[in-house]
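Asker: coordinates only, sequence not included:
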Ligand SMILES: [Zn+2]
Ligand SMILES: [Zn+2]
């Protein structure tokens, strides 16, 4: 499907700062029927670019948001994103700490999709449950994980989500090559199983860069490159987590280091394979191999790394979400997002 002209003819609502405004629900720029989130990524790209170029330009310059809870049902998530002034959300589509999940009802899907429009969420995507370990050394857990991934893919298809972020896994002492083989076979198996369920267009699977803690796979670029190459028959890409790559030894703290890291990434994996970013500062030092998220600008990466990323025209249309530590209220997420928005140079809105 080719993109048609969007109804971007919106006036910005309440202006919070010179660069960001909140849309009231009546001013939303989207027509739900026009949206076709699928593995058709060119469409997604033109769609997001289209929004930035339309009359809505300057309202939100970036697809920026947070991971939000689905407590009470997936249909509740868009409003939570709206409260944090997000135009992008990441969700789990099921409990993150249980294997079992009740099937999603058609009523929930309808509520979720209409609330995305109602609350101005331009992009929503999913993160797979943390229990999944596609390359577990325990055969029972490995098989359960493959089945779990199939369920996750099917739920994303049902909810029309374009991306599913998944951790490559932890090899439990078997070694990287055995692990990569299991990740590849498990992904092929899960996607084929999900496709048979015919829930809708399948999401693109995004393997998340990891910190290299313990026996984690996916912290070296070569490992990610091998997984993508082996899965070249499927729509797969990368979710780049700033905390994780920093902890894995890839520096982002100032321009020179940032450019070198991206050049390495481009050579090895390809920058175009990065579809989503997780913006987290790191409690651990560079190359500490510790997966400990810090508030934006309060960790070892610092604000400059985020400024470089947020203003990098190569990623202007890529959704970016925070997964920084949450408190009892939304205030920590709000503060982290505000800190990020303030780093966006006004000129980059029209790049
Ligand atoms: Zn992450
Ligand atoms: Zn992490």
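Answerer: Looks like it arrived, so ask away. Nothing here was measured: the structure is a model prediction, and the numbers come from that model. Ligands and ions are numbered 1, 2, ... in the order given.
Asker: Give me every residue in the chain lying close to ligand 1.
Answerer: Counting by CB under 5 Å from the ion, the residues of the chain close to ligand 1 are 241, 278, 323. Yep, even glycine has a C-beta here, placed from its N, CA and C like the rest.
Asker: top of the residues you listed by neighbour count?
Answerer: Greatest neighbour count in those, by other CB atoms under 10 Å, goes to residue 241: 25 neighbours.
Asker: so what's that residue closest to, chain neighbours aside?
Answerer: Leaving aside its chain neighbours, residue 241 sits nearest to residue 278 (3.9 Å; criterion: CB to CB, 6 or more residues apart in numbering).
Asker: count of neighbours near the closest residue in space to residue 301 that isn't next to it in sequence?
Answerer: With CB to CB, 6+ apart as the criterion, residue 301 has its nearest non-adjacent residue at 4.9 Å, and that residue is residue 281. Residue 281 has 25 neighbours, counted by other CB under 10 Å.
Asker: and if you look at the one 5 residues further on?
Answerer: Neighbouring residues of residue 286 were enumerated by other CB under 10 Å; the total is 17.
Asker: Now do the same for it: helix, strand or coil?
Answerer: Under DSSP: H, G, I helix; E, B strand; the rest coil, the three-state class of residue 286 is coil.
Asker: Give me the pLDDT value at it.
Answerer: Listed pLDDT for residue 286 reads 98.
Asker: pretty sure it is touching residue 251, no?
Answerer: Yes - taking CB atoms under 8 Å as the definition, residue 286 is a contact partner of residue 251 at 5.6 Å.
Asker: before we move on, the earlier item: show the backbone phi and psi for the residue nearest to residue 301.
Answerer: With angles defined as degrees, to the nearest 10, residue 281 sits at phi -80, psi 170.
Asker: One more: residue 90?
Answerer: The phi/psi pair for residue 90 (degrees, to the nearest 10) is phi -110, psi 140.
Asker: I'd like to know how many residues surround it.
Answerer: For residue 90, using other CB under 10 Å, the count is 27.
Asker: how about the strands in the stretch 251-351 of the chain?
Answerer: Here the stretch 251-351 of the chain has its strands, by DSSP state E, counting those that start in this stretch, at 274-279, 281-282, 293-294, 320-322.
Asker: and residue 205, which of those is closest to it?
Answerer: strand 274-279 (9.9 Å; CB to CB).
Asker: who touches that closest one?
Answerer: For strand 274-279, the surrounding residues in contact (CB atoms under 8 Å, 6 or more residues apart in numbering) are 41, 90, 125, 163, 165, 204, 206, 208, 237-244, 265, 296, 306, 309, 315, 318-323, 340.
Asker: which one's the longest helix in this structure?
Answerer: helix 176-197 (DSSP state H).
Asker: Show me what the mean pLDDT comes to for it.
Answerer: Rounded mean pLDDT across helix 176-197 is 97.
Asker: So which bits of that helix are buried?
Answerer: By 16 or more other CB atoms under 10 Å, the buried positions in helix 176-197 come out as 176, 179-180, 182-184, 186-187, 189-191, 193-194.
Asker: for stretch 120-140, same thing?
Answerer: Buried, per 16+ other CB under 10 Å, within stretch 120-140: 120-129, 132-137.
Asker: so what pLDDT did the residue in the stretch 101-250 of the chain positioned nearest to ligand 1 get?
Answerer: In the stretch 101-250 of the chain, the residue found nearest to ligand 1 is residue 241; the distance is 3.8 Å by CB to the ion. Looking at residue 241, its pLDDT is 98.
Asker: Distance check, it against residue 141.
Answerer: 23 Å (CB to CB, to the nearest Å).
Asker: go on, residue 186?
Answerer: To residue 141, residue 186 is 11 Å away according to CB to CB.
Asker: same question, residue 263
Answerer: Residue 263 is 38 Å from residue 141, by CB to CB.
Asker: can you pull out the helices in the stretch 151-300 of the chain?
Answerer: Along the stretch 151-300 of the chain, counting by DSSP state H, counting those that start in this stretch, helices occupy 176-197, 221-230, 242-247, 255-268.
Asker: Now that we have the ones you listed, can you turn them into TSV and tack on distance to residue 335?
Answerer: Output for those, formatted as TSV (distance: least, CB to CB, whole Å):
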stretch	distance to residue 335
helix 176-197	36
helix 221-230	31
helix 242-247	17
helix 255-268	24
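Asker: Ok, which of those comes nearest residue 85?
Answerer: It's helix 242-247; of the helices of the stretch 151-300 of the chain, that one is closest to residue 85 (CB to CB) at 20.4 Å.
Asker: So for the closest one, what gets flagged as buried?
Answerer: Buried positions in helix 242-247, judged by neighbour count with 16+ other CB under 10 Å: 242, 243, 244, 245, 246, 247.
Asker: contact partners of it?
Answerer: Outside helix 242-247, the residues within contact range by CB under 8 Å, 6+ apart are 208-213, 219, 252, 261, 277-282, 284, 286-294, 299-301, 305-306, 309.
Asker: Also stretch 193-200?
Answerer: For stretch 193-200, contacts defined as CB under 8 Å, 6+ apart pick out 38, 147, 150, 151, 153, 154, 155, 157, 158, 160, 202.
Asker: let's see it at 10 Å
Answerer: 37-38, 103-104, 109, 146-147, 149-161, 164, 202-203 (CB atoms under 10 Å, 6 or more residues apart in numbering).
Asker: Is the closest residue to residue 214 other than its chain neighbours bridged to anything, and to what?
Answerer: Counting by CB to CB, 6+ apart, residue 170 is the residue found nearest to residue 214 once chain neighbours are left out, at 6.1 Å. Using DSSP bridges, the bridge partners assigned to residue 170 are residue 216.
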